[in-house]
Each structure stands twice: as structure tokens, then as C-alpha cells.
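Visitor: predicted model and sequence below, questions to follow.
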Amino acid sequence: MNQAQLNKKVEKTPESKISMDTVYKIIGSFPSKSRRHLIPVLARIQREFRWLPDEVIEVVMAEMRVTRAEIYGVISFYPQFRMTEPGKYVYRLCYGTACFVKGAPIIAQKLKEKYHMSNGETDPSKLFTLEFASCLGNCGAAPMAIIGNDTYGSIDPEKTLKITENYSL
Ligand code: FES
């Protein structure tokens, strides 16, 4: 599939904000198309678009001469890579030891009851994607969560639901 065909394929989805030009630019910004740059290329692309759509993976395969299996190998090894579009906000709930002991599982249960999402899932309205995180580095304020770019400490189930009400589509 050439670049024009790929651009056309992506344009079919009006809500898509994926620019194939940007994908080509990111790949071209590395010193070579060697597969040793595969992980940083995927990371840069995901930082740009928040996930790795199949159309993008096809471009990476063609440009870097890697197989789909190689890319899936990387994606499945590093949990931060996403192959499905996340909700508007990623809700990163710390599941490190301190946060776990101080109630992170109860918070996760509340989020599941209200938003019908478990770890790695997006709620039906596509507002939040829940991701369990390892220690967020502020155990003194456990349990911790990061929603989008906002950090919250010492949360509890009630606080969590109040906080999430401040976010909308
Ligand atoms: S375990 Fe949650 S911040 Fe360290």
C-alpha cells in the first residue's frame, strides 16, 4: 500500500485525527530506518496520537521493513503501547504496594460500578480509559491517580467519583 492509498484509507474515518504525513515525518526524523529504532519510533507515534492504529502500523512495517509479528512483539511486551483508541482521559490508578494496601482495589471497584471499565478498558462513552500503574512515585500520598495530566493523591472511593465528575467529553 502506498502513501496516497493509506491517506485515503484514514480519511474515511472523519473523527480520526491521524495524519500519515506526521507518521512519515516521525520515522524520517530518526538517523535511519533500522529496526533498532522501532521502539522509539512507536513511542513517538503513540505520544503524538495516543494509540497505534492499524493504518499506522502498516506504514511502520513498510518504511522500516519489519513484520507485523515484530511490531506486535514489541507492543505486547511494553504495556504502555495501545492498539485501541483510548478514552478522552486516561485514568492511571496506582497499583503499587502502598496504593494497593491503602485501597486502590476498592477505588477500581467503584470505577467499575460507575463507568463499567476494568484495567485496560474504556468506558462506553469513551470518556475514560482505566490503566493500573506501578508506583507513581509519591507513596506518601497513597492512593494516587493521574487523570489526563492531573495528579491526585490521598483519594478514596467517594473522592474519586467526585473528581471524575469534573471531566466531560
Ligand atoms: S505505590 Fe502508589 S505512589 Fe507509590
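Guide: Looks like it arrived, so ask away.
Visitor: Phe30 - nearest residue in space that isn't next to it in sequence?
Guide: Once flanking residues are discounted, Phe30 sits nearest to His37: 4.5 Å by CB to CB, 6 or more residues apart in numbering. From N, CA and C alone the C-beta is placed, and that goes for glycine too.
Visitor: how about Lys159?
Guide: Of all residues not flanking Lys159 in the chain, Tyr152 sits nearest, at 7.8 Å (CB to CB, 6+ apart).
Visitor: thought the one you found was touching Asn138?
Guide: No. The pair Tyr152 / Asn138 is not scored as a contact, 10.2 Å apart, by CB atoms under 8 Å.
Visitor: any common contacting residues for these two?
Guide: Shared contacts of Tyr152 and Asn138, defined by CB atoms under 8 Å, 6 or more residues apart in numbering, comprise Met144.
Visitor: any idea which residue of this structure lies closest to the ligand?
Guide: Relative to the ligand, the nearest point of the chain is Gly96 (2.4 Å; CB to the nearest ligand atom).
Visitor: check what pLDDT that residue gets.
Guide: Gly96 carries a pLDDT value of 97.
Visitor: counting contacts, what elements does the helix or strand harbouring Arg44 pack onto?
Guide: Assigning secondary structure by DSSP states H and E places Arg44 in helix 38-49. With contacts taken as 3 or more CB pairs under 8 Å, 6 or more residues apart in numbering; DSSP states H and E, helix 38-49 sits against helix 20-28, helix 54-64, helix 68-77.
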